[in-house]
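Peer 1: The following block contains a protein sequence and its predicted model.
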Amino acid sequence: MKILVYGAGVLGSYLAYELVKGGHNVTILARGKRYNELKEKGLVIKHYLQLKTTITKLNVVDKFNQDDYYDTVFVVMQRTQIDSMLPNIYCNKKCKLYVFVSNNPSADATYKKIQENSIIKPKMLFAFQKTGGRRELGKVISIHIGKTSFSIGDISGDISYKTFINKIFVNTSFKLYHSPNIDAWLKFHIALVVPIAYLTYFADGDLKKIARNKKMLNLTIDAISEGCKVVKTCGYEIEPKDLKDYLNRKRRLLYWIFKIMAATPLGKLAASDHAMSAVDEMKYLSNEFDKLKKSSGILTPNWDKLEKYI
């Protein structure tokens, strides 16, 4: 298939790599210095845990025009960057499927804007890709383990897209999870990642400082639990379902996962690198979640203690 990955950051780069590996005709959209890097050196990824570096040749563009055609466009960028690129989607006459891959607490608003303004009313899916890492000296240092989780869904609940999306990910290292309520999934995910960002700012970006800080690790888990209660009170069923276990009977396991991540380079690559380089995004997500908190009427003392560190 002919696919565009719109965004060449850490997540977009790894997604493009996997889609090329899957046999697709992949184009990646980048601008400025990143565009030049990709044109000159190709897509260079250091796979941190796999102890290997790959160089992938693929098409590189710096524009998305109204007459461009792709079977699927993956928009992989921070939520704070999405609104500024939407006019490109409104004007395009040929692309009928867009997959937005990001932390998006307002997927319904993005969906509505495109439906109201697009010439051709394309299909829209929302997704999240569980990889991490950072960009460094013209390459991406990527952290991913085994079959990388890729959660995806249609906020309207339509499942007719599944067969087509499944075909795209054949022969890749992604494990697809088709969420029955991707809007809820994304909101619960915000409840998870924002307290971790707060913790990162408390530690000035160095999670090793809090690896032995039992009080702060437990405060973070308590804040996550409060955040999930907020989302649930606002009318969303917990998604994915196993999140409930990690906040209850598997809480001790979650504590040790956080502790190990904080004490090793995994925490830096999986969490703190992004939090420190995307402060504006985290502030946006925090402010959006505050709206949910206000709507729920729930007291969140642990969340509030952490929030002051942003």
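Peer 2: That came through, no problem.
Peer 1: Mind telling me what element residue 155 is part of?
Peer 2: Under DSSP states H and E, no helix or strand contains residue 155.
Peer 1: residue contacts, it?
Peer 2: 107, 108, 111, 124, 126, 182, 183 (Cβ atoms under 8 Å, 6 or more residues apart in numbering). Any C-beta I mention is one placed from the backbone N, CA and C, and that applies to glycine too.
Peer 1: ok, which stretches of this structure are strands?
Peer 2: Ranges of strands within the chain are 2-6, 25-29, 43-47, 52-56, 59-61, 72-76, 97-101, 123-129, 132-136, 139-143, 148-153, 174-178, based on DSSP state E.
Peer 1: quick one on the thing from earlier: would you mind checking the contacts of residue 155 for buried ones?
Peer 2: For the contacts of residue 155, a burial check counting by 16 or more other Cβ atoms under 10 Å picks out 107, 111, 124, 126, 182, 183.
Peer 1: quick one: which two of the contacts of residue 155 are the most distant?
Peer 2: Using Cβ to Cβ, those span at most 11.8 Å, a distance reached by 124 and 183.
Peer 1: ok, the buried ones among the contacts of residue 155 vs residue 76, which is closest?
Peer 2: Distances from residue 76 to the buried ones among the contacts of residue 155, taken by Cβ to Cβ, are shortest for residue 126, at 11.9 Å.
Peer 1: Isn't that closest one up against residue 100?
Peer 2: Yes. Applying Cβ atoms under 8 Å as the test, residue 126 and residue 100 come out as touching, 5.1 Å apart.
Peer 1: Between the two, which contacts overlap?
Peer 2: 107, 110.
Peer 1: returning to that earlier point: most packed of the strands of the chain?
Peer 2: Most buried of the strands of the chain by mean neighbour count (mean count of other Cβ atoms under 10 Å) is strand 72-76; its value is a mean of 25.
Peer 1: And the contacts of that strand?
Peer 2: With contact meaning Cβ under 8 Å, 6+ apart, strand 72-76 is reached by 1, 3-7, 9, 11-12, 15, 64, 82, 85, 89, 95, 97-102, 129, 168.
Peer 1: Give me the mean pLDDT for it.
Peer 2: For strand 72-76, mean pLDDT rounds to 99.
Peer 1: tilt between it and strand 2-6?
Peer 2: Counting by axes from the mean of the first three to the mean of the last three Cα atoms, to 10 degrees, strand 72-76 lies at 20 degrees to strand 2-6.
Peer 1: Would you mark the buried spots in the lowest-mean-pLDDT helix or strand in the chain?
Peer 2: The helix or strand with the lowest mean pLDDT-type score in the chain, counting by mean pLDDT, DSSP states H and E, is helix 243-247 (a mean of 88). If you call a residue buried by 16+ other Cβ under 10 Å, then helix 243-247 has these buried ones: 243, 244, 246, 247.
Peer 1: how close does residue 49 get to residue 139?
Peer 2: Distance of residue 49 to residue 139, given as Cβ to Cβ, to the nearest Å: 16 Å.
Peer 1: again, but for residue 156
Peer 2: 39 Å.
Peer 1: got it, and residue 39?
Peer 2: Distance, residue 39 to residue 139, using Cβ to Cβ: 14 Å.
Peer 1: can you check residue 53 too?
Peer 2: 7 Å.
Peer 1: Now do the shared contacts for these two.
Peer 2: Residues within reach of residue 53 and of residue 139 at once, by Cβ under 8 Å, 6+ apart, are 44, 45, 46.
Peer 1: Can you tell me which of those residues is nearest residue 213?
Peer 2: Minimum distance to residue 213 across the shared contacts of residue 53 and residue 139 is 30.3 Å, recorded for residue 46 (Cβ to Cβ).
Peer 1: Name the spans of the stretch 201-310 of the chain whose pLDDT lies under the cut-off.
Peer 2: For the stretch 201-310 of the chain, applying pLDDT under 70 flags no range at all.
Peer 1: phi, psi of the residue most central in space within the chain?
Peer 2: By Cα atoms, centre = their mean, the mean C-alpha position of the chain lies nearest to residue 102, the distance being 3.6 Å. Phi and psi for residue 102, reported as degrees, to the nearest 10, are phi -170, psi 170.
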